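Visitor: Coordinates only, no sequence provided:
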């Protein structure tokens, strides 16, 4: 038999009562009845609000918060977040439509992403959102569409910096990238912008994501501010917006520790007195997705069968990689590691055993937990995958093998 995999750090965000996980103020078993089916995703609105409040406490008051809704574009979640943050960042025309349904001022919505189609540009320009230009060609197309509509498009330049966010789970800047304009090409682009009917707002500088290292974030912030100040000298007008990206990570795997947000905030407080006098009109924005919503969500699947194969226990569930690709290890992991997983209606009591949690798909990749220590479970019990509020159903191949989709609820 394979050894039990290492354990995760304790998860304290969700309460437990009578051996059952509590979500949105109710037992998981009752929530499952309310939802009416498994599998499902549940997002706890109180935890969403608490995360924003934590950021407000730890970051300097001059810093504005934007929600990067690609992390979780469920309309109810976006509506809730719109009442808490200062802006929303979208990455497609579909996301833009959801954002425009919220009370958020369109001028506080920004649209990033390479390969924006002309129809998406027209929608964004007509709505009055800020376009994060990813290339000189996109700038020319936006200007032409704006002329045809009789509207000066609101634009910022997305910069591909000449540095990367070290220790990040996904590098979004530094080196050759499909994202943004290489920093050394930005001055020429800004010079051309002076001849176009464009309403310049500022810069978007995003260098990486999913980072738990304070020193790496501090270095990235220092380099981002230095780059922005240098590029501002070529800008057609004073900056009104400086989006310094995000990159704040959450712990998923054994051995990972929470980000020391207080230290990140203290470093920003040290840097801002040097930056603000030189960019007096600029709103300085941190754009976060996963950090805002990731820990507020769970994925729940029901055990169909407890199976023993050559001494190894398998809990076969009605959920799997088609709903939660990331937890299966097939969304960015090089070496597969377990997300935090538990039997939600047997959180503390009863015997425990090493078990693997698998789904109903006809592939060995359909694995939600590999040889984890779990409460002994059988048919009808509820398997919970934590840290599931970001990059869940929309980042998963839901049509694979024709199983029903997972339901999403905000509680």
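Guide: Done, it's in. Keep in mind that what you see is a predicted model, and the values were worked out from it rather than measured. Numbering: from 1, shown residues only.
Visitor: so what's the spatially closest residue to residue 331 that is not a sequence neighbour up against?
Guide: Once flanking residues are discounted, residue 331 sits nearest to residue 325: 4.4 Å by C-beta to C-beta, 6 or more residues apart in numbering. C-beta: built from backbone N, CA, C; applies to glycine. Residue 325 makes contact with 331, 395, 396, 397, according to C-beta atoms under 8 Å, 6 or more residues apart in numbering.
Visitor: Look up how far residue 373 lies from residue 325.
Guide: As defined by C-beta to C-beta, to the nearest Å, residue 325 lies at a distance of 24 Å from residue 373.
Visitor: what does residue 268 give?
Guide: 40 Å.
Visitor: who's more crowded, these two?
Guide: Ranked by neighbour count (other C-beta atoms under 10 Å), residue 268 and residue 373 place residue 268 first, with 23 against 15.
Visitor: I'd assumed residue 63 was in contact with that one.
Guide: Yes. The pair residue 268 and residue 63 passes the contact test of C-beta atoms under 8 Å, sitting 6.4 Å apart.
Visitor: State the pLDDT value of the residue lying closest to residue 223 once chain neighbours are set aside.
Guide: Excluding the flanking residues, the one nearest residue 223 by C-beta to C-beta, 6+ apart is residue 163, at 4.9 Å. The model reports residue 163 with a pLDDT of 74.
Visitor: Please apply the same query to residue 7.
Guide: Reading off the model, residue 7 has pLDDT 71.
Visitor: who's in contact with it?
Guide: Contacts of residue 7 (C-beta under 8 Å, 6+ apart): 254, 373.
Visitor: What's the separation between it and residue 295?
Guide: 18 Å.
Visitor: ok, now residue 236?
Guide: 41 Å.
Visitor: returning to that earlier point: could you pick out the buried ones from the contacts of residue 325?
Guide: When the contacts of residue 325 are checked for burial by 16 or more other C-beta atoms under 10 Å, the buried set is 395, 396.
Visitor: Export the contacts of residue 325 to a markdown table and append columns for pLDDT and distance to residue 351.
Guide: Output for those, formatted as a markdown table (pLDDT from 0 to 100; distance: C-beta to C-beta, whole Å):
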| residue | pLDDT | distance to residue 351 |
| --- | --- | --- |
| 331 | 85 | 33 |
| 395 | 93 | 35 |
| 396 | 94 | 32 |
| 397 | 93 | 35 |
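Visitor: Just say helix, strand or coil for residue 328.
Guide: coil (DSSP: H, G, I helix; E, B strand; the rest coil).
Visitor: what's near enough to touch it?
Guide: Contacts of residue 328 (C-beta under 8 Å, 6+ apart): 320, 321, 365, 366, 367, 368.
Visitor: one more time with 6 Å
Guide: By C-beta atoms under 6 Å, 6 or more residues apart in numbering, the contact list for residue 328 reads 321, 367.
Visitor: Just the pLDDT at it, thanks.
Guide: So, for residue 328, pLDDT stands at 93.
Visitor: Report the separation between it and residue 186.
Guide: 39 Å.
Visitor: and what of residue 93?
Guide: Taken as C-beta to C-beta, the span from residue 93 to residue 186 is 26 Å.
Visitor: the strands in the stretch 1-150 of the chain, which residues?
Guide: 16-17, 20-23, 26-27, 40-43, 63-68, 87-90, 109-111, 130-133 (DSSP state E, counting those that start in this stretch).
Visitor: Direction included, what does the fifth one pair against?
Guide: Taking DSSP bridges as the criterion, strand 63-68 sits next to strand 87-90 (parallel), strand 283-288 (parallel) in its sheet.
Visitor: give me phi/psi at the residue nearest to residue 331?
Guide: With angles defined as degrees, to the nearest 10, residue 325 sits at phi -60, psi -40.
Visitor: Kindly report the same for residue 247.
Guide: Here is the backbone geometry of residue 247 (degrees, to the nearest 10): phi 90, psi 0.
Visitor: Pretty sure it sits against residue 210.
Guide: No. Counting by C-beta atoms under 6 Å, residue 247 stays clear of residue 210, with 7.2 Å between them.
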